[in-house]
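1. No letters, just coordinates:
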């Protein structure tokens with residue numbers, strides 16, 4: 001079955017003060033590149049949504065990953081909010097069996113956590129179950145959130161800037177929480193480190 005992760009990275013970094021996706025982390029990678037690298041370690045298929053005007057970022061992705069580069073999904077709808085980026089991404093990946101939606105500004109989630117989430121979804125799909133898989137750190141839900149294909153139509157219909165929260169809230173019975181000891185699944189970067 002074809003499945004994987006979708007990293008949403010088409011935002012405008014307004015609170016950060018510059019394009020945080022290109023901000024160099026301590027290891028030398030740009031923030032988005034570090035995030036993609038972690039996902040590539042856990043998923044065979046990774047896609048990333050960026051703005052259709054992000055030529056520098058697109059080059060950085062190609063240079064950093066070469067033939068192992070993720071699928072780049074350009075969106076014209078970034079100004080409409082995160083939901084529009086998710087919708088564009090899922091529409092492009094609609095042949096997949098499931099997708100984990102992650103955020104480009106969350107580079108600290110561990111590949112081990114991602115592997116556990118993927119395993120939980122794979123078990124559910126082999127059992128023929130519709131599932132939303134959510135990591136949880138100390139009772140706080142985090143990212144990425146996995147959706148089996150039964151939820152794709154709702155993800156494609158999303159609008160606004162609340163991401164996929166409405167889809168999760170509408171299907172509480174299908175949620176499977178995976179408790180992890182990984183603060184990275186709730187830690188995003190909104191401002192430059194001091």
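-> Looks like it came in fine. No experiment lies behind these values; they were computed from the predicted model shown. Numbering: from 1, shown residues only.

2. Name the single longest helix found in this protein.
-> Determined from DSSP state H, the single longest helix within the chain is helix 111-126.

3. ok now do the closest residue to residue 161 other than its chain neighbours, which residues does it touch?
-> Spatial nearest neighbour of residue 161, excluding adjacent residues (C-beta to C-beta, 6 or more residues apart in numbering): residue 81 at 3.3 Å. In this view, the C-beta of every residue, glycine as well, is placed from N, C-alpha and C. By C-beta atoms under 8 Å, 6 or more residues apart in numbering, residue 81 lies in contact with 159-162.

4. okay if I get those as TSV plus neighbour count and distance to residue 183?
-> Listed next are the contacts of residue 81 as TSV, based on neighbours: other C-beta atoms under 10 Å; distance: C-beta to C-beta, whole Å:
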residue	neighbour count	distance to residue 183
159	12	31
160	12	28
161	11	24
162	12	23
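
5. and which of these is nearest residue 4?
-> residue 162 (23.5 Å; C-beta to C-beta).

6. wait, the closest one sits on residue 86?
-> No. Between residue 162 and residue 86 there is no contact under C-beta atoms under 8 Å: 10.2 Å.

7. Poorly predicted segments of the protein, please.
-> 192-194 (pLDDT under 70).

8. residues making contact with stretch 110-122?
-> Residues from elsewhere that reach stretch 110-122 (C-beta under 8 Å, 6+ apart): 3, 5, 38-39, 41-43, 98, 100, 131, 133, 135, 144, 146, 148, 176, 178, 180, 182, 184-185.

9. repeat that for 7 Å
-> 38-39, 41-43, 98, 100, 131, 133, 135, 144, 146, 148, 176, 178, 180, 182, 184-185 (C-beta atoms under 7 Å, 6 or more residues apart in numbering).

10. cool, stretch 96-109 as well?
-> 1-9, 20-21, 25, 31-32, 34-35, 38-39, 48, 86, 90, 93, 117, 121, 125, 143-149, 164, 182, 184-185, 187-189.

11. Out of these, which end up buried?
-> By neighbour count, with 16 or more other C-beta atoms under 10 Å, the contacts of stretch 96-109 hold 3-9, 20-21, 31-32, 34-35, 38-39, 48, 86, 90, 93, 117, 121, 125, 143-149, 164, 182, 184-185, 189 as buried.
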